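Enquirer: Output the structure for:
(3 chains)
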Amino acid sequence: MDFVLGHYNYWIAIFLMMVGFYTVISRGNLVKKIVGLNVFQVSVFLLYISIGTVTGGAAPIITQGIKLYSNPLPHVLILTAIVVGVATTALGLALVVRIKEAYGTIEEDEIHEQDHSL
Amino acid sequence: MIENHISLLLVVIPLIAAPIAAILPWGRASWMLTLVVTSACFVLAGLQLWAVVHNGAISYELGGWAPPWGIEYRIDALNALVALIVSAIAAITVPYALLSAEKEIPKQQIPLFYSAFLLCFAGLLGITQTGDIFNVFVFLEISSLSSYALISLGQRRQALTSAYQYLIMGTLGATFFLIGVGLIYAQTGTLNMMDLAQRLPEVTSLKTVHTGFAFIMIGFALKLALFPLHLWLPNAYTYAPTVITVFLAATATKVALYVMLRILFTVFPDGFVSVTPTGDLFLLSGIAGVLTASVYAIYQMNVKRLLAYSSVAQIGYMAMGIGFASFKGVTATIIHLFNHALMKGALFMAVGAIIYRIGACRMDNIEGLGRQMPWTFGAIVIAGLSLIGVPGTAGFISKWYLVLAALEQQAWLSVGVILFGSLLAVVYMGKVIEALYFKPASEANLSVKEAPILLLAPTWVLVFANIYFGLNAEFTVGIAEHAARALGVAAK
Amino acid sequence: MSTTTLLLLVLLLPLLGAVGIIAARRFPNIREGVTLVTASLVAVLVVIMANRFMSGEVFALTVGEPLPGITIAFKVEALGMLFALVAGLLWIVTSIYAIGYMREHKEKNQTRFYTAFAVAISCTFGVAFSANLFTLFLFYELLTLSTYPLVTHTDTPAAKKAGRVYLGILLGTSIGLFLLAILVTWSVSGSVTFTQGGILAGKLDPAWAGLLYALFLFGIGKAAVMPFHRWLPAAMVAPTPVSALLHAVAVVKAGVFTLLKVTIYIFGSDFILANDVTGGLIWVAAATILLSSLIAMSKDNLKARLAYSTISQLSYIALGAMLASKSGLIGASMHIAMHAFAKISLFFAAGAILVVTHKKLISEMDGLGRAMPVTFGVFLIGTMSIIGLPLFGGMWSKFYLGLGTVETGQLLLLGILMLSSLLNVAYLLPIPIRAFFSKPADGKPYTKINEAPKTILLAMVITSSLCIILFFYPDPFYQLATLAVGGR
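Expert: Now for the predicted structure:
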């Protein structure tokens, strides 16, 4: 029981990861795939941030009288990763718009059908 | 002064040039800028390799912060070689791009095209230069995002769907890598590769580290298009603008392979590959990749797609070299990494010349063109022979070392697969050559003229490189052995 | 002229000729002139070279070092000299023949034909003079590739199909087996240089030697040992001069020549004899000799019958190599030359018949001998030499091969050689006999058919006289053969 509760942050991350991954794989709608991808990425961000926590540590801002800080490095890393994630989402959505213009649909199976009937 | 900063300049110059290229008013001005930048980087990368070979590894502290706190650029023979390949291919591709891009890409998008190209270039160089594992992720995404955009510029609408497919799979791969890095960071508390190499031996028995390692490998296997994670590659290479196919085929997978080598042999302690089933998995995936992708290539009707499947097969050879986990195997992989860039670059360029003239490259479109375009045809024949591995070409050198590495381990099955793979290459290249030369030309094809010199010259530079490095492998083999030693693979 | 210059000149002159042929493509007469001049120069140079070689000069040249320890290098030794002498002398004769044949037969793409031909000859010299297995393999592959356009010369679907078989088998065996054998040799011994006495003794476990030899035997597809012989009949779609020089002399002999080189200079005959390396494999060659003779009997197409006869004769040489005894090797080396002169005469005659009468089938040639006496006379001489009758050069090589079997005590093999000679009689001799003594199918003698053009006749007469001269004067080839076996 301790094992389950003690690692709750991991369980949340893994749960979100699987939800996101499953959405990417199973959904045929191109926008939903990108949503899934976002969930997947965010789960990793959470994983990183939770790793950075130090039990009993304060926020990493230098203040007098505080000796124990949480590790700030993962936060900084994830800040970068979030920017990358936003860019990916933007590019992905832009592609979806172009695909909609070219095919008139954003459903994967209908796109395949059109390409094969060419 | 400058020579101390070469390592940084290689990344910074294209990164700064990219936005400038985007705002320049004429396509040709952006092209000129790109040409200057890539040529400059080529020279710098050459200097860097020379410096590394003669003076030993370079360590560059970004912003003066000492590692492991600051980001360190650490260059040894392997990254210097990969950086040279990337910048050399870029410098050869850009002259080729002028006409090819004007033909295939709408005029108003050309400055943006060069801007994205420069970003992709900067990203790839960044991956090779950096000694910080999280920095690899950042540069990886810079190059990936720009290559998704570049692929989507292809003429047919399938370019959009292939770019989308690549985006999904590429992002999954990058995120997997991120997870792996996170898990390893949690155990070691460092992101600097050299520092990791110091700390990892203490913790390699931990499950977390194994899991992190697996995530990193899967992530990069996706970027590398290692069989069976190669599904995005044939579509992306087929529908991307030709210039981009040339560039990505010759560089992107090579850089991904470099990261794998670095993590397998430098970051993780020597012997980790053989203790875990990693080596066997690489070997298995390599063998399956060589056989399956070569057979797929035989049945393709689109020449670009055929070559794309052949790329997957060639990546299989490189994976086999890693799988042997020996000095000879890694040397063979690095040699093939270099030689494959030469042959695939030349082949895609020659096919691009055909597309430039007739706008298509299906088997039934290109019939009889060999007589109309003798120089293009000659390039395809010679580069094709190199792909097959005929002696006197660069491809032979790769095969020679790969088979020797396999013989050393008495891996007879692998030996058979490598040689059988060459025979399959005979079949699929034979199909292309037969269509070009032995089928009668259609009415429309009879009036086709030879491609312009601006397309032919870069192609033939690569073709000559194929022959030169086939007859004089001193450079390739010397550097590859140097690089394998720098990686820390024990020489037997 | 220094030895290096002479060696380089012999290697490069045919290539220069090829360039000249392309340059003169618009003027057929000049183009053919270039071919003739180049071929005669090469013939003269090869003879000079042979003379200087016999007087003890050393020809060696290193061009480059593609891989550490592995060079592209040439070194003339006796066996290579013998092979080059045969190829060089016969190129000029074939060129004379080809000019008559190609014009009379109104072939297309003649420039491509002469160019590829010259390149192929250059590659043949490369094979003959190579100093190590790597160089040999390089030119071996180039020879395959340069002869491919000659096989597919007519551009018909049948020619393309034949071309595919040709490339498929030759590249398949060479990359799949021959290259593997070279790599194994390199990884075992750390050398691929042809060395007197071999390089494998003491380094290779004798138990594996047989397997390695098998890789070489089957990998060298040009030697056409069954089951990798199908390319040779397929290649017969090529114009007759190609079949004559390349697929009876240069290409196929490059195969058995390689096998001999491997036997003498890589394995070393002592190593083979001491460990019985070829004990089982020799029966593959023996079986090829008999089976292909039997197949030859069933072929009505003249060129196909000759092709199967070539396969059978090539295995004589392979068998001689695998006997690995002194006489066996001498016989095998001499058979390279003796068979070349006889078989090229046969092909020349077949081509002459084709050009004049457009007949390909043996059954249609009854009674033709009286209309074309010279052609069938040549055919008869070639036949006798192949059978190995006295008064013809072919006798000597068969004699030494037979001696080789006695030397090693393999009397069953001697029986097979004898039986094969009988089969030769059965499938070759009836052709000229029926041509001279049978009546034409419709009962009327041929009146409108004359002999072939003069250049064709000239070439045929030269080669067939050589068959006879070599009986009385086999000395140059015999000496080279003994030198090769004895060590220089």
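Enquirer: mind listing what the closest residue to C:Thr124 other than its chain neighbours touches?
Expert: Nearest residue to C:Thr124, sequence neighbours excluded (Cβ to Cβ, 6 or more residues apart in numbering or on different chains): C:Ala250, at 4.4 Å. No exception for glycine: its C-beta is placed from N, CA and C like everyone else's. C:Ala250 makes contact with C:Ala87, C:Ala120, C:Ile121, C:Thr124, C:Leu143, according to Cβ atoms under 8 Å, 6 or more residues apart in numbering or on different chains.
Enquirer: Residue 32 sits in which helix or strand?
Expert: You didn't say which chain, so I picked chain A. A:Lys32 belongs to helix A:30-52 when assigned by DSSP states H and E.
Enquirer: nope, chain C
Expert: Per DSSP H and E: helix C:28-54 holds C:Glu32.
Enquirer: quick one: is stretch A:70-78 near chain B?
Expert: Yes. With Cβ under 8 Å from any Cβ of the partner chain as the measure, stretch A:70-78 is seen reaching chain B through A:Pro74, A:Leu77.
Enquirer: circling back: and the pLDDT at the residue nearest to C:Thr124?
Expert: Looking at C:Ala250, its pLDDT is 84.
Enquirer: ok, now how distant is it from C:Ala120?
Expert: 6 Å (Cβ to Cβ, to the nearest Å).
Enquirer: Between the two, which contacts overlap?
Expert: Overlap of the contact sets of C:Ala250 and C:Ala120 (by Cβ under 8 Å, 6+ apart) consists of C:Leu143.
Enquirer: Identify the residue nearest whatever residue of the stretch 1-150 of chain C ends up closest to chain B in space, chain neighbours excluded?
Expert: Nearest to chain B, among the residues of the stretch 1-150 of chain C, is C:Leu138, at 4.2 Å (Cβ to the nearest Cβ). Computed as Cβ to Cβ, 6+ apart, the closest residue to C:Leu138 that is not its neighbour in sequence is B:Pro391, at 4.2 Å.
Enquirer: Test my guess that the one you found contacts C:Phe134.
Expert: Yes. Applying Cβ atoms under 8 Å, one finds B:Pro391 in contact with C:Phe134, separated by 7.1 Å.
Enquirer: So between the two, which is more surrounded?
Expert: Between B:Pro391 and C:Phe134, B:Pro391 has the larger neighbour count (other Cβ atoms under 10 Å in any protein chain shown), namely 27 against 22.
Enquirer: Is there a neighbour count for C:Phe27? I'd like the number.
Expert: C:Phe27 has 11 nearby residues by other Cβ under 10 Å.
Enquirer: actually A:Asp2, sorry about that
Expert: For A:Asp2, using other Cβ under 10 Å, the count is 6.
Enquirer: State the distance from it to B:Val273.
Expert: Distance of A:Asp2 to B:Val273, given as Cβ to Cβ: 36 Å.
Enquirer: Over to C:Thr124?
Expert: Distance, C:Thr124 to B:Val273, using Cβ to Cβ: 47 Å.
Enquirer: so C:Arg370 sits right up against C:Ile449, yeah?
Expert: No. C:Arg370 lies out of contact with C:Ile449 (Cβ under 8 Å); the separation is 9.6 Å.
Enquirer: closest point of chain A to chain B, which residue?
Expert: In chain A, the residue that lies nearest chain B is A:Ala102 (3.9 Å; Cβ to the nearest Cβ).
Enquirer: quick one: contacts for that residue?
Expert: So A:Ala102 contacts B:Arg157, B:Leu160 (Cβ under 8 Å, 6+ apart).
Enquirer: got the angle for the one helix or strand it maps to vs helix A:30-52?
Expert: Using DSSP H and E, A:Ala102 sits within helix A:73-103. Going by axes from the mean of the first three to the mean of the last three Cα atoms, to 10 degrees, helix A:73-103 is angled at 180 degrees with respect to helix A:30-52.
Enquirer: What are the buried residues along helix A:73-103?
Expert: Counting neighbours by 16 or more other Cβ atoms under 10 Å in any protein chain shown, one finds that the buried residues in helix A:73-103 are A:73-74, A:77-78, A:81, A:84-85, A:88-89, A:91-92, A:95-96, A:98-99, A:102-103.
Enquirer: just stretch A:17-33 next, same as before
Expert: The neighbour-count check on stretch A:17-33 (16+ other Cβ under 10 Å) flags A:Met17, A:Gly20, A:Phe21, A:Thr23, A:Val24, A:Arg27, A:Leu30, A:Lys33 as buried.
Enquirer: The second one against A:Ser43, yeah?
Expert: Yes. The pair formed by A:Gly20 and A:Ser43 meets the contact definition of Cβ under 8 Å, at 6.1 Å.
Enquirer: could you pull out the strands for chain B?
Expert: Assigned by DSSP state E, chain B shows strands spanning B:58-61, B:72-75.
Enquirer: want to throw these into JSON lines with distance to chain A?
Expert: JSON lines is the format used below for the strands of chain B (distance: least, Cβ to the nearest Cβ, whole Å):
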{"stretch": "strand B:58-61", "distance to chain A": "18"}
{"stretch": "strand B:72-75", "distance to chain A": "15"}
